[in-house]
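Visitor: Okay, sequence plus prediction incoming.
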Amino acid sequence: MAYTKEELFQCICECMFESLPSNWKSASMKVEITGNEIQSNFYFTNSNSSKNSFKPINFIAPMNAAKELKEIMSAEGQDWGTMTITISPEGQYEVSIE
């Protein structure tokens with residue numbers, strides 16, 4: 001089954017949401033994909049502005065979604081090596097690619 005970009009972004013966001021503490025203010029996933037290698041970092045900022053790393057309960061789904069996003073976006077001419085997705089408690093997200 002092929003997923004849309006929006007469904008893949010939603011998967012990543014949901015996996016992050018379910019793993020965050022109650023006092024988070026923003027959270028990000030930074031993923032770097034080079035060939036078959038995937039490296040990722042997950043971190044959140046809490047109410048006193050300190051940056052903390054975390055690991056999603058479901059760690060595999062965001063990695064698979066990021067890999068699929070890279071394939072789709074590359075086919076659309078948006079090739080990237082690093083992508084950062086930042087989410088807010090209100091459910092909004094921003095994506096930056098390098």
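Guide: Arrived safely.

Visitor: so where's this structure uncertain?
Guide: 1 (pLDDT under 70).

Visitor: ok, the residue nearest to residue 54 when sequence neighbours are not counted - contacts?
Guide: Leaving aside its chain neighbours, residue 54 sits nearest to residue 42 (5.2 Å; criterion: CB to CB, 6 or more residues apart in numbering). All C-beta atoms are positioned from the backbone trio N, CA, C, and that covers glycine. Taking CB atoms under 8 Å, 6 or more residues apart in numbering, we find residue 42 in contact with 16, 19, 27, 28, 29, 30, 53, 54, 55, 56.

Visitor: mind listing the strands for this protein?
Guide: 24-34, 37-46, 51-53, 82-87, 93-97 (DSSP state E).

Visitor: pull the longest helix from this protein.
Guide: Ranked by number of residues, the top helix in the chain under DSSP state H is helix 60-75.

Visitor: ok so, going back, could you report the separation of the residue nearest to residue 54 from residue 55?
Guide: 6 Å (CB to CB, to the nearest Å).

Visitor: now residue 34
Guide: From residue 34 to residue 55 the distance is 21 Å (CB to CB).

Visitor: ok, residue 49 to residue 23 distance?
Guide: With CB to CB as the criterion, residue 49 and residue 23 are 11 Å apart.

Visitor: and if you look at residue 76?
Guide: 37 Å.

Visitor: Over to residue 39?
Guide: 27 Å.

Visitor: Can you pull up the most central residue in the protein?
Guide: In the chain, the centroid-proximal residue (CA atoms, centre = their mean) is residue 29; its distance is 3.9 Å.
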